[in-house]
Structure formats: structure tokens, C-alpha cells
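K.L.:
quick one, what's the 3D model for this:
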Amino acid sequence: MRCAALIGLLVFAATSAAAQPPPPVRQVLVLQSLDRGNLILDHFSGNFRVDLEQRAGGPVNFVQVVVGPTGFVGAPERAVVDFIRSTFADRPKPDLIVTVAGPAAVFARRHRRRLFPETPLLFASVDDRYLQDAPLGENETAVAVHADFPGVVDDILQVLPETRQVFMVIGSGFVGKFWRRPLEEQFSRFGDRLTFIWSDDLSFPEILRRCSNLPAHSAIFYITVGTDAAGAAYADERVIADLHDQANAPLFSAHSVYLGSGIVGGRLMSIDELGRRTADAAQLILNGASPSDLRAAPQLRGRPIYDWRELQRWGIAESRLPPGSLVRYRGPSLWSEYKVPVLSAAGALLIQALLIIGLLLERRARRRAEIDSRRNLALAADTSRREAVSALSGSISHELSQPLSAMILNAEALQMMLLANRATPETSGEVLSDIHASGILATGIIERHRTMLRSRRLQKKQVDLQSVVKDMLALVAHDMRARQIAVTVKLLPSACLVSGDPVLLQQVFVNLVMNAMDAMADDPPERRHITISSEVGRGDVEVAVRDTGPGLPSELVGRLFTPFVTTKPQGLGVGLAISRSIMEAHDGSIRASNHPDGGAAFTVTLRLCEASG
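P.N.:
Here you go, the predicted structure:
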């Protein structure tokens, strides 16, 4: 049931729509002044018809008849009127009559009584001076134009102030005859500055020849040709094209339709706007408005507009153009044609440049930080060595006392033997040898400690790591005995050659051993024990320093090698950080852990040289 009702409703709607009468066809009679070929009137007529059809809201039938001098050539005007009336003999009378330009307006006024006097009459594209001489009637209105040709000359002088001559292309037909005398009167104000050359007595080939040989500081003002002095008819498009190709002076005109075809430009009258205004007035009349109520202002010249190509051709700078000028037909540029790619490439280059600058700044900051870090490391390393040697001062005194005492005793013994005449050459030689050996021993002790104190840069050479450990033990031996610390050394019997600086490596082991001794300071003497062992792996050697102290606090195990982190109450926390930096400079490593049997263990790992493999 619902489906049937819906189908019935659709059928009813379709039937009702079909029963409605179609909208009436509007009849518009267009009286044209000139036959095809006049670009201004052709452009206006085409735009007017399209604009009116869009506004009318229904079908429009246009009947266009040329009633000017190029229409029914040789036929009397009465015959033309009869032709128009016969055109509407079998169709409705026109709803509107539109005349285009002056000749058609004169024709319509002259034959108004026979040309459907009840039909509204719209004068389009007629000069406003004509309406001043022949005012509008009750059933008439107009969309007139104000032809300001002297303003075009002002535009020429605006962009080409050195102009001295203007060649007027005006033709010998109806338009030329109509405008020649009024223009001479209007141009009289330029008499002291410009000379005007008229072409109404020339054929078109002669016009081209003259325009191709104009003197300097000339300009060409194109109105129309239509018919030349030889009686030949020419279309505007061909005339403009030939003039543009052959003329040696810039070309100007008063109407927008010529822009883009060769004229320079200026304050041009917009034919498009004229067509729209005429269509607006025609729509109002077709919808019932009274023509006498429609009084539109004349169409004036518009905004200054110029052809960029012609400005370039004639060397006219854009700075000479009137303020607010619009420049069209600019040549394709990288920016206009590839705006998006250019912006993308520029953005990419900008980002790349910023990244490069950022990387350079970061590299500079990193290098500066590295330099500062190395400088600080060197200072800290020197400080750490001096502190270590200061702590080992007792060891220095003890070590030197033995060879010095031996030297003194041997010297006294030799002196006593000499006094008693008991010194033989053999005995004297033995005593002197002992004194010499003790002197060498004392010198070695002093040199070893002096080397530790000397500021130095990293100087790698091939060195036996176990010899470094043994030299380190000699430095700390006295301090170990003073602190009652036992030491067990489990070094490999063969040499372990590594590439490194022996003094800096020795500093690492001194620091580890002294830390181990400090860690056991509170333990009873019998529990103070340090074990130093070495082990060779695949391509590297490890040296471990283990103590029997309380071990490492769990919260500091991962942070021990960070600067200023320490377990000592009076410590600075830089010793282990310096030791790690030294090992990294040797492409080695150092790690810390708590031993399963108690105490802390520090392990140094270095790569073996090929000679020790």
C-alpha cells in the first residue's frame, strides 16, 4: 500500500509538472550599427547576449539586424524597416529593442513609429553627447558611454613624456567621418606640444607604410579603420596585428578589447563591464520595469591597465605608470612558474643551512669542550699525582735513607782503612763499587718520583704493563708497611707489552692501590690485605687490584667514575674519573665491582701489542 501511494504521488507530481506551461520566450530585437569586423561592437554584442541569457531566467530569442551604413548597402531605410517588421510577422512582437552604437540609435529614433512604438527602447554603447542633443523619451533608456579620447593622449604623455607626434589611425568610413572634426576640436589643447597626423585619406597599405617609418618620439592612436580611402574594408583584428608587426612606434587605443593584441594600455573603457550593465538594464525592463525609471550614468574609462610585453618592447619603465596601474601578461618567471618547487627548494636549503650551521656550532662547542676537558684533565692529573707523591713522602724518605746510609758507612769505612794504611786496591775498589751502586739506587728513586711530579702529555710507547705494576709497588711499599697492609702479587712470568704512557699508567695503579689502602683503614691489621693479579685473554691483558675492605656502596657502584663522586669523607672524587679518562686515552677500560669473598675489586683492561701475542 505504501509503495503504491508513493508511486501515485510521483506520477501526480510528474503530471502536474508536465501540465505547467513552459516559460515564455522573450523576444529581443538588436539593431546593430556596423557589420562584423568592428572588434568593439562585436565583443559588446556577444557579451551582452550571453549576460542577458544568464540573467533572464528563461529562453531569449535574439533577432539582430545591421541597420547602419554597412548593413543593407544601397537599400532605402524604409525597405530595412519593412524587412524588420516582416521578420516578426509570424512571431510575437519584440519585448525589447536594443540599439548598438550611434548609427543604430539614429535609425531607431527616425523610424520609431513604425518600429513597434509600444516596445521599450534601450540605447546601448551610444555617445552621451548624442543623448544631450536628443533627450530620452518616456519608453526609452540608455547605457551610454563617454568617449574621452583626449584622456588617451594624456595617458600617452604620462608614459612617454617626450612624444612629439601622434599618428591617428581612423579610417575613411562612417566612423572616421563622424570623429575627425570633434577630435580635432578636443585635441586643440595639445597644439603647443603635439602634432596629429590623420589617416582618413590613406589606404591601409599606405597607413602601414607610414607607421613603419614614423620619426622618433612618435605614438600611434588606433580608433578603427573599417573602410580605408581606397574603399576596402578591414577587420580590426587584422589591422591591429599588421600595425603591431610593422609599426616603429608604440600603439595605443581607448578600449579594453585591444589589450593583449598589441596596444600598450592606459585608462581603457571596459567593454565587458559595458555589456554587463546593458544586460542588467535589459533584464529589469523584461521583468516589467519602466525604462523612464532607469537612468544609468555613462560608462567611463576604467583603471589604468598595461601590457607588460609592450612595456618591455618600448622600454617603458613601470615607475612611469599612473598609481594603482595593473600590469598584465608578465613573462613567465622562475617564481611565477615554479612557485611551489622554488619555495620547497628554498625551504630545504634553509633547513640544510640551519642544520649545517647548527652542526658547525655543535662541533665548535664540542671541540672547545674537549680542549677544556683535556686541559682540566691534565690539571687534575697533575694535582692527583702531586697528592699521591705527597702521600708517599714517607716512602721517599725511607727509600732514600737506605742507599744514603750505605754510602755514608762505606765512605767512613774507606776513610778508616786509609788512615790505618790497611786499604788495598781490591778493598778500596769494592767499597767504591758499593758507594757507586748506592748512588745509582738513590738517583733512580729520585728520578722515579720526579717523573711522577712532572706535567706531561700522553706519550705512547711499547711498555711492559707488569713492569709498570712493579715500579708502582716500589713507590707505595713504604706506605704499605707503615699501614701494616699485606700485599699478594700474582703477576704472569712473561712480559705483557702494551702501547701506552708508563707514567700515566703508573698513576692509575697508584690511585687504585691508595684507594684500597684507604678503604681498609678502619679494619684490624690482620685483615688488611691487597691482591694484585694479571691475566691474559684474547688480545688483551687484565690487571686486578682487590682489597678486603667493606666493599662499594650499592648506590655508588654505577657512579664511581663520575667526577666528584667519592666514598672518602675528605676525598675530592676526581681520582677515579681521571683514571677512567687515562684508560680511554689508551683505548682501554676500567671497571669496579664487589668481590664475592668481600671487598672491592678494580680491573684495568688494555689491548696487547702484537709483539706480546
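
K.L.:
correct me if wrong: Gly265 contacts Pro304.
P.N.:
Yes: contact between Gly265 and Pro304 holds when scored by C-beta atoms under 8 Å: they sit 7.1 Å apart. C-betas here are computed from N, CA, C, even on glycine.

K.L.:
who has more neighbours, these two?
P.N.:
Taking neighbours as other C-beta atoms under 10 Å, Gly265 and Pro304 compare with Gly265 leading, 29 against 19.

K.L.:
what's across from that one in the sheet?
P.N.:
Here Gly265 sits in beta bridges with Tyr306, going by DSSP bridges.

K.L.:
that one and Gly331, how far apart?
P.N.:
Gly265 is 16 Å from Gly331, where distance means C-beta to C-beta, to the nearest Å.

K.L.:
which neighbours do Gly265 and Pro304 share?
P.N.:
Common contacts of Gly265 and Pro304 (C-beta atoms under 8 Å, 6 or more residues apart in numbering): Asp155.

K.L.:
pull the residues that contact stretch 194-209.
P.N.:
Applying C-beta under 8 Å, 6+ apart, the external contacts of stretch 194-209 come out as 153, 163-172, 176-177, 180, 184, 187, 190, 210, 225, 228-230, 232, 234, 239, 242-243, 246-247.

K.L.:
in helices, which of these appear?
P.N.:
Val153, Gly176, Lys177, Arg180, Glu184, Arg210, Val239, Asp242, Leu243, Gln246 (DSSP state H).

K.L.:
for the stretch 501-613 of the chain, just list every one of the strands.
P.N.:
Using DSSP state E, counting those that start in this stretch, the strands of the stretch 501-613 of the chain run over 529-536, 540-547, 589-594, 600-607.

K.L.:
elements contacting the shortest one?
P.N.:
So the one you mean is strand 589-594. Helices and strands touching strand 589-594, by 3 or more C-beta pairs under 8 Å, 6 or more residues apart in numbering; DSSP states H and E, are helix 575-585, strand 600-607.

K.L.:
what residues sit buried inside the longest one?
P.N.:
Within helix 575-585, the residues that qualify as buried by neighbour count (16 or more other C-beta atoms under 10 Å) are Gly575, Leu576, Ala577, Ile578, Ser579, Arg580, Ser581, Ile582, Met583.

K.L.:
does Phe62 count as helix, strand or coil?
P.N.:
strand (DSSP: H, G, I helix; E, B strand; the rest coil).

K.L.:
what about the nearest residue to it once chain neighbours are set aside, how many neighbours?
P.N.:
Counting by C-beta to C-beta, 6 or more residues apart in numbering, Phe62 lies nearest to Val28, which is 5.2 Å off, once chain neighbours are set aside. Neighbour count for Val28, taken as other C-beta under 10 Å: 24.

K.L.:
and Val28, what does it touch?
P.N.:
Per C-beta under 8 Å, 6+ apart, neighbours of Val28: Leu52, Val60, Asn61, Phe62, Val63, Pro94, Asp95, Leu96, Ile97, Val98, Ala282, Leu286.

K.L.:
now, which of those sits nearest Asp272?
P.N.:
Using C-beta to C-beta, Leu52 is the member of the contacts of Val28 that lies nearest Asp272, at 13.9 Å.

K.L.:
now the closest one: which helix or strand?
P.N.:
helix 39-56 (DSSP states H and E).

K.L.:
go through that helix and flag the buried ones.
P.N.:
Applying 16+ other C-beta under 10 Å to helix 39-56 flags 39-45, 47-49, 51-53, 55-56 as buried.

K.L.:
for those, which two are the farthest from each other?
P.N.:
Leu39 and Ala56 (26.0 Å).

K.L.:
quick one, strands of the stretch 151-300 of the chain?
P.N.:
Secondary structure of the stretch 151-300 of the chain (DSSP E, counting those that start in this stretch): strands located at 165-169, 195-198, 218-222, 226-227, 233-234, 251-252, 265-267.

K.L.:
next, the buried residues of stretch 121-130.
P.N.:
Leu121, Leu122, Phe123, Ala124, Ser125, Val126, Asp127, Tyr130.

K.L.:
how about Phe88: what's its closest non-neighbour residue?
P.N.:
Closest residue to Phe88 apart from its sequence neighbours, by C-beta to C-beta, 6+ apart: Pro94 at 6.5 Å.

K.L.:
which SS state does Leu359 fall under?
P.N.:
helix.

K.L.:
number of residues surrounding Asp597?
P.N.:
With other C-beta under 10 Å as criterion, Asp597 counts 8.

K.L.:
same question, Ser261
P.N.:
If we define neighbours as other C-beta under 10 Å, then Ser261 has 17 of them.

K.L.:
what about it, distance to Gln158?
P.N.:
Separation of Ser261 from Gln158 (C-beta to C-beta) stands at 21 Å.

K.L.:
check Ser581 too.
P.N.:
80 Å.

K.L.:
again with Gly598
P.N.:
Using C-beta to C-beta, Gly598 is found at 104 Å from Gln158.

K.L.:
those two: which is more packed in?
P.N.:
Gln158 (16 against 13).

K.L.:
the more buried one and Arg320 touch, don't they?
P.N.:
Yes: between Gln158 and Arg320 there is a contact at 6.8 Å, judged by C-beta under 8 Å.

K.L.:
and Val463, which of the three is it?
P.N.:
Strictly by three-state DSSP, Val463 counts as strand.

K.L.:
and the residue nearest to it when sequence neighbours are not counted, what is it in contact with?
P.N.:
Nearest residue to Val463, sequence neighbours excluded (C-beta to C-beta, 6+ apart): Pro502, at 4.7 Å. Going by C-beta under 8 Å, 6+ apart, Pro502 touches Lys461, Val463, Ser467, Val468, Asp471.

K.L.:
buried subset of those residues?
P.N.:
Neighbour counting over the contacts of Pro502 (16+ other C-beta under 10 Å) leaves Val463, Val468, Asp471 as the buried ones.

K.L.:
count of neighbours near Val498?
P.N.:
25.

K.L.:
what packs against the strand or helix carrying it?
P.N.:
Assigned by DSSP H and E, Val498 falls within strand 497-500. Packed against strand 497-500, as judged by 3+ C-beta pairs under 8 Å, 6+ apart, are the following elements: strand 461-464, helix 465-482, strand 600-607.

K.L.:
any idea which of those is most buried?
P.N.:
Ranked by average neighbour count under the criterion mean count of other C-beta atoms under 10 Å, the helices and strands packed on strand 497-500 are headed by strand 600-607 at a mean of 20.

K.L.:
how many neighbouring residues does Gly275 have?
P.N.:
Considering only other C-beta under 10 Å, Gly275 is surrounded by 23 other residues.

K.L.:
pLDDT value on the closest residue to it other than its chain neighbours, please?
P.N.:
Closest residue to Gly275 apart from its sequence neighbours, by C-beta to C-beta, 6+ apart: Asn47 at 3.4 Å. In this model, Asn47 is scored at 92, pLDDT.

K.L.:
wait, Asn47 sits on Ser270?
P.N.:
No: counting by C-beta under 8 Å, Ser270 is not a contact partner of Asn47; they are 10.3 Å apart.

K.L.:
I'd like to know how far Arg363 sits from Gln352.
P.N.:
16 Å.

K.L.:
let me redo that: Ala495
P.N.:
Counting by C-beta to C-beta, the gap from Ala495 to Gln352 is 54 Å.

K.L.:
who has more neighbours, those two?
P.N.:
Between Ala495 and Gln352, counted using other C-beta under 10 Å, Ala495 has the larger neighbour count: 13 against 10.

K.L.:
what pLDDT does the residue nearest to Ile170 when sequence neighbours are not counted get?
P.N.:
In space, and not counting its chain neighbours, Ile170 is closest to Gly176: 4.4 Å by C-beta to C-beta, 6+ apart. Note for Gly176: predicted pLDDT of 82.
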